[in-house]
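*Asks:* Pasting a predicted model and its sequence here:
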Amino acid sequence: MTELLATTPGVYPLPDDAKTDLAHLKGHQKDDLVSGAEGSDVRNIYDRARETVLTDQRETGLDRVVEGQLRWDDMLAHPLCVHDAVDTRGIVRYYDNNNFYREPVVENELDFDGDLAGDLKVAAEIASTDSLQAVVPGPYSLADLAEDDFYGDETAFLEGIADFLVGEIEAFPDVETLFVLEPSLVVNPPEDGADERASEAISRVASATDAEVVVQTYWGALTEKVHAHLLDAEIDAVGYDFVSDHEANLYNISEYGTKGSIALGIVDGQNTLVEDPAKIDERIEWVREKSPMQAFDRIYVTPNTELFYLPVTKYREKLAALAEAVSPAEVSAT
Amino acid sequence: MSTDSDGGARSAADGRGGNGAGGSADANASSREAFRPPEHPNEHFILTSVVGSYPKPKWLNRAQDLYEDSGSDFDESNWQEATADASRLIVDEHERAGIDAVVDGEMGRNEMVEYFAHRITGYEFHGRVKVWGHNYFDKPSVTGEVEYNDPWLVEEFEFTNEVAERPVKVPITGPYTLASWSFNEYYDNEAELAYALADLVNEEITKLVDAGAQYIQIDEPALATTPDDHAIVGECLEGLTDGIPEDVRIGLHVCYGDYSRIYPEILEFPIDEFDVELANDDYAQLDVFKQPEFTKDLALGVVDAHTAEIESVEQIERNIRKGLEVVPPERLTVSPDCGLKLLPREVAYEKMAKLAEAARAVERDLDRGEIEVGAPASAD
């Protein structure tokens, strides 16, 4: 039996009223972004917005719900940008998007912070714990988005970031699944040696939780070597972006196999065109037919990317399409 | 205006874009001379201009709030009157600052993609999306074939041209940026959407030229985000300049990118002038444009658009001289790095006034033979 689960990689758009209220309270400049020490008026707005997105997910019937990462002003760089050992500098481009984040410069040892666990605990009180999913940036992507002014070399920096993430994840409340977002593995792939170290760092991060760990890759396909190394990591599933490059991702799976479970990024997280649930089902079946050697324990059906790129109305429609496509939750393996 | 005279019109089919200098050098030189003010004090002439957007007067922002408030009786004609007043004010401000080719500061435009998308059939709006922090824009979706209806900028140009004593430049968002900064639900890929939009931009430019526009600036900031798409931008430019007379000056503005990834490819574009922001990082990328030889006119950013600190005239003179390392003075235009709309208005004005003063000072030094031009002389 293969279990189909509808979920998302998180990092949602703020509800429109929260967009307006927070812009008013916090301001528009780079010094106005979250610091981890927001006042109660700002916190209250985020708490209400978090409740809204949890309701969105529950009402549409997603199998895993996320807290929404609504405070992540700096997207995947957030955990560093709010850390005391990190200075934030100019605004820099977020991958190849028309989005920007504050460049984090690590100036001291990355000790425990607790920012991610704080938000997740609030969500755990609202959501039933048997469906809660945590989201973290992967160690390789987080290192790629940041500058190091403390650890001294790439290897030590990656290890420092992995250790930091381990500490953060260990403070999480119980979750069912942990999504580790690693777009940099595709966009800026590690070279020989670094690829192996990236997978080791991912293994360490994954070992910090008993939850099922999914490493989501996106904006293309992993190189064969990076993919092969990632399969050595002690994780439960790799996520593949079937929106941006289905052929190359299928090739990787056919040639190298994959983990016992898989995440299929088959809903476009960056386009307002809402997929027909039947179309989503077709895409799931296409992957299964094309990879007959694989009997998956679980298939996580998900958007390929974070969802903050979308207007709120469309993000909600995407969630609904996903949930409808995956319901009923279990289908027999072919 | 005729667009089919003997060799006087741009044509995508005749490969005109590949001659390395946009139009012929003669047409280019004469199109520049049209901007020299009658009272110009120096023999040399460095064209001064602005990129486009400018801080709106506070009262115009209040008027906009009223206009967008459905409960208010502030209607379309009130809004038109308010933007006309603001345009007149800003044109006058540019002229007082001593700018040679002026714009109206885009007083009637809200945002560089939204404004056009609202006027193009095929676009829909679904709500705001994040750019960074709490800065959002109403990113439109293309849900059908894009079609041209009413003119987008002709009224704005006609009004500005009427109130301006100096020649007017018209900034217009380019098709690649209009495509790239939209959700594409309809076309097979972004390039197909961009090519379709290029036809619409061509139609608009044709109307602007018919209305008397002599200087068009195509804004393509999205090229900086995806530099590997320079060939798509090039093909768009071929489409949108097709049939436009050679004596109409066509500029291309790009900003905040890694220019080594689009140079020298941009020299193949059918444009007269390449406008680039370089003051921002203190000309760290200037050398990119020296090899191979830069064959377009260079419109160089000589004041930073994103810092409220006002550069001194001497500093701006030094920045202008950086441009002379790339092109001779007769092919140098100077402007701020980018649109000035995020600055306080008094700061924006001071930057423009000092820019104009610095340009005249450099011209004077050139006349006296006190500046050695590092750039190769023009071929003609």
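*Replies:* Everything's here; your move.
*Asks:* ok, the closest residue to B:Leu342 other than its chain neighbours to B:Glu277 distance?
*Replies:* Of all residues not flanking B:Leu342 in the chain, B:His306 sits nearest, at 6.6 Å (CB to CB, 6 or more residues apart in numbering or on different chains). The way it works is simple: take the backbone N, C-alpha and C, and place the C-beta from them, glycine included. Applying CB to CB, to the nearest Å, the value for B:His306 to B:Glu277 is 9 Å.
*Asks:* Spit out the residues that contact these two alike.
*Replies:* By CB atoms under 8 Å, 6 or more residues apart in numbering or on different chains, B:His306 and B:Glu277 have these common neighbours: B:Asp337, B:Cys338.
*Asks:* These two: which has the busier surroundings?
*Replies:* Neighbours were counted for B:His306 and for B:Glu277 using other CB atoms under 10 Å in any protein chain shown; B:Glu277 has more, 26 against 16.
*Asks:* surely that one meets B:Val303?
*Replies:* No. Assessed by CB atoms under 8 Å, B:Glu277 is found out of contact with B:Val303, at 10.1 Å.
*Asks:* Now the common contact residues for these two.
*Replies:* B:Asp337.
*Asks:* what ranges do the strands span in chain A?
*Replies:* A:2-6, A:86-93, A:100-106, A:133-137, A:147-148, A:177-181, A:212-216, A:237-241, A:261-267, A:298-303, A:330-331 (DSSP state E).
*Asks:* Let me see the backbone angles for the residue nearest to B:Leu342.
*Replies:* phi -120, psi 30 (degrees, to the nearest 10).
*Asks:* now do the one 5 residues further on
*Replies:* Backbone torsions for B:Glu311, taken as degrees, to the nearest 10, come to phi -70, psi 150.
*Asks:* ok, now which ones touch the closest residue to it other than its chain neighbours?
*Replies:* Spatial nearest neighbour of B:Glu311, excluding adjacent residues (CB to CB, 6+ apart): B:Val303 at 5.2 Å. Taking CB under 8 Å, 6+ apart as the contact definition, B:Val303 lies against B:Ala279, B:Glu311, B:Ile316, B:Asn319, B:Pro336, B:Asp337, B:Lys351, B:Lys354, B:Leu355.
*Asks:* Of those residues, which belong to strands?
*Replies:* Counting by DSSP E, the contacts of B:Val303 place B:Pro336 in strands.
*Asks:* and the gap between the residue of chain A found nearest chain B and B:Asn280?
*Replies:* Nearest residue of chain A to chain B: A:Pro311, at 3.3 Å (CB to the nearest CB). To B:Asn280, A:Pro311 is 31 Å away according to CB to CB.
*Asks:* Which one's more surrounded, the two?
*Replies:* Ranked by neighbour count (other CB under 10 Å), A:Pro311 and B:Asn280 place A:Pro311 first, with 22 against 19.
*Asks:* Would you check that the more buried one makes contact with B:Tyr136?
*Replies:* No. At 9.6 Å, A:Pro311 does not count as touching B:Tyr136 under the criterion of CB under 8 Å.
*Asks:* What are the neighbouring residues in contact with the one residue in the stretch 1-150 of chain B that gets nearest to chain A?
*Replies:* Nearest residue of the stretch 1-150 of chain B to chain A (CB to the nearest CB) works out as B:Gly127 at 3.3 Å. Contacts for B:Gly127 (CB under 8 Å, 6+ apart) come out as A:Asp16, A:Pro311, A:Val312, A:Thr313, A:Lys314, B:Asp138.
*Asks:* just to revisit the earlier point, who touches the residue of chain A closest to chain B in this structure?
*Replies:* A:Pro311 touches A:Pro13, A:Thr272, B:His126, B:Gly127, B:Arg128, B:Val129, B:Lys139, counting by CB under 8 Å, 6+ apart.
*Asks:* before we move on, the earlier item: was I right to think the residue nearest to B:Leu342 contacts B:Leu340?
*Replies:* No. With contact defined as CB under 8 Å, B:His306 does not count as touching B:Leu340 (9.3 Å).
*Asks:* Highest mean neighbour count out of the strands of chain A?
*Replies:* With neighbours taken as mean count of other CB atoms under 10 Å in any protein chain shown, the strands of chain A reach their highest mean count in strand A:133-137, at a mean of 28.
*Asks:* And that strand, how far out from the chain middle?
*Replies:* 6 Å (CA atoms, centre = their mean, to the nearest Å).
*Asks:* Could you do stretch A:107-126 as well?
*Replies:* Its chain's C-alpha centre and that of stretch A:107-126 lie 16 Å apart, by CA atoms, centre = their mean.
*Asks:* Tabulate the strands of chain A in a markdown table, adding columns for distance to chain B and mean pLDDT.
*Replies:* Formatted as a markdown table, those follow (distance: least, CB to the nearest CB, whole Å; pLDDT from 0 to 100):
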| stretch | distance to chain B | mean pLDDT |
| --- | --- | --- |
| strand A:2-6 | 22 | 95 |
| strand A:86-93 | 6 | 87 |
| strand A:100-106 | 4 | 93 |
| strand A:133-137 | 17 | 98 |
| strand A:147-148 | 16 | 97 |
| strand A:177-181 | 17 | 98 |
| strand A:212-216 | 20 | 98 |
| strand A:237-241 | 17 | 98 |
| strand A:261-267 | 14 | 98 |
| strand A:298-303 | 14 | 98 |
| strand A:330-331 | 29 | 45 |
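*Asks:* Figure out which of the ones you listed is closest to B:Val362.
*Replies:* Nearest to B:Val362 among the strands of chain A is strand A:86-93; the distance by CB to CB comes to 30.1 Å.
*Asks:* which bits of the stretch 201-350 of chain B sit near chain A?
*Replies:* B:Ala222, B:Thr225, B:Thr226 (CB under 8 Å from any CB of the partner chain).
*Asks:* where does chain B have low pLDDT?
*Replies:* In the prediction, chain B carries residues with pLDDT under 70 at positions B:1-8, B:11-30, B:378-380.
*Asks:* And chain A, by the same measure?
*Replies:* A:29, A:128-129, A:328-334.
*Asks:* Chain B contacts on that one?
*Replies:* Counting by CB under 8 Å from any CB, chain A sits next to chain B at A:13-14, A:16, A:19, A:22-23, A:26-30, A:32-33, A:73, A:91, A:93-94, A:96-101, A:270-273, A:308-314.
*Asks:* So in chain A, which helix runs the longest?
*Replies:* Using DSSP state H, we find that the single longest helix of chain A is helix A:40-60.
*Asks:* any idea how far A:Val11 is from A:Phe242?
*Replies:* With CB to CB as the criterion, A:Val11 and A:Phe242 are 19 Å apart.
*Asks:* What of B:Val313?
*Replies:* Taking CB to CB, one finds B:Val313 at 58 Å from A:Phe242.
*Asks:* Can you give the distance of stretch A:287-307 from its chain's centre?
*Replies:* 16 Å.
*Asks:* Which strands and helices lie in contact with the longest helix of chain A?
*Replies:* Applying 3 or more CB pairs under 8 Å, 6 or more residues apart in numbering or on different chains; DSSP states H and E, we find helix A:40-60 packed against helix A:16-26, helix A:115-126, helix A:312-326.
*Asks:* picking up where we left off before, may I have the beta-bridge partners of the residue nearest to B:Glu311?
*Replies:* Note on B:Val303: beta-bridge partners by DSSP bridges are B:Pro336.
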